[in-house]
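J.: need a structure here:
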Amino acid sequence: MSSEKKRIGVCPLLQIVLNAIFFVGIQTIFAPCAPHEDGTWATCHWAGEALLGIAAVMLVMSLLHLLPLRTGMKEGLVFAMIPVSFLIIVLPGRLIPLCMMETMRCHVIMQPAVTVIAVLNIVLSAVYLWQHRKEEHG
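T.: As a prediction, this is how the structure comes out:
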């Protein structure tokens with residue numbers, strides 16, 4: 001059991017913090033543009049809604065490391081974070097269009113912030129997998 005606790009490690013704990021920041025941030029600091037004066041939403045609103053759902057999934061996936069799961073399941077969760085992180089990178093501005101003006105909040109705050117979070121998730125996942133493989137093979 002102590003070896004299982006040891007395997008939680010720093011990377012999954014950092015991912016929990018990172019994805020909590022992502023989940024709270026996409027609703028507050030990193031949120032896309034506000035509604036128009038007539039009450040309609042810009043297209044970036046839908047990117048923000050999609051990112052909120054992805055942030056919730058990423059947070060749950062990172063929190064599952066706290067449960068006493070088999071090592072293979074934890075590796076699977078970490079592997080799954082990599083393609084989801086790539087989705088985070090391509091979703092705003094590529095898969096879902098953002099506002100036309102490059103100076104809008106969605107371009108200046110949301111898109112760069114979620115890109116940095118996604119890249120950090122990929123790096124932490126890769127480091128976790130590398131460390132885990134290194135421990136397995138001595």
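J.: what stretches of the protein score poorly on pLDDT?
T.: The model of the chain has pLDDT under 70 over residues 1-7, 138.
J.: quick one: the helices in it?
T.: 2-6, 10-25, 44-63, 71-90, 105, 111-136 (DSSP state H).
J.: out of those helices, nearest to Ile96?
T.: Of all those, the one in closest proximity to Ile96, counting by Cβ to Cβ, is helix 44-63 (4.0 Å). Using the backbone N, CA and C atoms, a C-beta is placed for each residue, glycine as well.
J.: re the thing from before, adding mean neighbour count, write the helices of the chain out as TSV.
T.: Converted to TSV, the helices of the chain look like this (neighbours: other Cβ atoms under 10 Å):
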stretch	mean neighbour count
helix 2-6	9
helix 10-25	18
helix 44-63	19
helix 71-90	16
helix 105	19
helix 111-136	17
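J.: make TSV from those and add distance to Asp38 to it.
T.: Below are these laid out as TSV (distance: least, Cβ to Cβ, whole Å):
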stretch	distance to Asp38
helix 2-6	55
helix 10-25	28
helix 44-63	14
helix 71-90	30
helix 105	18
helix 111-136	25
